[in-house]
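1. Below is the sequence, then the predicted model.
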Amino acid sequence: MRILIPDVDSVNSLPAVRYVIREFLSGDRFEVHLLHVRHAVHSAAADHALQPARALLASVHVPYAVHLEAGDKARTILSVARRISADRIVLGTARRWSATRLSEDSVIQRVLDTAPMPVTLVAGKAVSRIERYSVAVGLGAALGLILSA
Amino acid sequence: MKILVPVDASTVALAPITHLQALARSGVEVEVLLLNVQPRFHRHVAQFTSRGARDLLRQERSRLAMARAIEALSCTSLRWRAFTEVGRPAERIAGVAEREQVDEIMMGVGRHPGWLRWINPSIAQGVMARTDIPVSVLARGQAGVFERYALPAGVAGLAALLIAGE
């Protein structure tokens, strides 16, 4: 069984890695494929982003491979999933109503809409009150500015 | 592994069962909690009917909604239990998942165009916003041509007619 963990954003991909490790420790056997995808790949930045995930996987001896890809996030995730014949995609995501999630939503939705294999969404840390309201206030202010212009 | 599978009467909702069967065959111990959520009746309906009659109707609807899933699960070696809850789907699914301390929520969903999801947000996304428990989504089917083009084109046409009429 092959599990693909795309690194949509490096902070929230860690809960996905922890979830996969829990499954591994409970007896499920699989290989993990970490995918770092950005519009342009810089190997130093990719190494830095994937380091915590790699350290976690290595600490419990989960076999893993790393893929660095450049391109449209959703499309690349799906093409890599097909190429490696992934049985499942595990996506770590920010909580809804967080600032990060606003930028991720379209990627997640496109992966959900098009992936032929199961997609597991693992939510990251809970959204703080400041982050939750700052999104709404920011949007309101932007709308106010547009209307007043 | 304890997995919550929310189902309605649709065929796509049965997708997790096949997947869980495959998982069980690979040696993973799986326990399935089947859940159907029935909506509350509007207060205008509720005030003219007895609680007993409403509960009976919900039970009947829930039994019908879960019939195919129960039949499919009965043909497998998976351990399972079935529940019915009343309320808002995303809220109740997240609530039951927390109460039963499941390891994962697994949902079969249909593919719909973006505009339709904007009007009618996905329950899976709603569940994910309410819980820390991982949510697996198995998307099946394709958005129909009518759903994708005909309806938005119709609305745009109507709007154009209204503007031209003025």
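-> Yep, it's here. Residues are numbered from 1 along each chain as shown, chains lettered A, B, ... in the order given.
2. Show me which parts of the helix or strand containing B:Ala156 are buried, residue by residue.
-> B:Ala156 is part of helix B:151-165 when elements are defined by DSSP states H and E. Using 16 or more other C-beta atoms under 10 Å in any protein chain shown as the test for burial, helix B:151-165 gives no buried residues. Bear in mind the C-beta positions are built from the backbone N, C-alpha and C, glycine included.
3. for stretch B:16-32, same thing?
-> Neighbour-count burial for stretch B:16-32 [16+ other C-beta under 10 Å]: B:16-17, B:19-21, B:23-24, B:28, B:30-32.
4. sec struct for B:Leu138, please.
-> What DSSP: H, G, I helix; E, B strand; the rest coil gives for B:Leu138 is strand.
5. Give me every residue in chain A lying close to chain B.
-> A:1, A:19, A:23, A:26-28, A:88, A:90, A:93, A:95-97, A:109, A:112-115, A:118-123, A:126 (C-beta under 8 Å from any C-beta of the partner chain).
6. Let me see the ranges of the helices in chain B.
-> B:15-25, B:43-46, B:51-74, B:89-99, B:114-119, B:123-130, B:145, B:151-165 (DSSP state H).
7. Would you reformat those as CSV and include distance to A:Gly71?
-> Converted to CSV, the helices of chain B look like this (distance: least, C-beta to C-beta, whole Å):
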stretch, distance to A:Gly71
helix B:15-25, 29
helix B:43-46, 52
helix B:51-74, 39
helix B:89-99, 33
helix B:114-119, 21
helix B:123-130, 25
helix B:145, 29
helix B:151-165, 29
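8. Quick check: which of these is nearest to chain A?
-> Nearest to chain A among the helices of chain B is helix B:123-130; the distance by C-beta to the nearest C-beta comes to 3.6 Å.
9. Helix B:89-99 and the closest one, what's the angle between them?
-> Angle of helix B:123-130 versus helix B:89-99, following axes from the mean of the first three to the mean of the last three C-alpha atoms, to 10 degrees, is 50 degrees.
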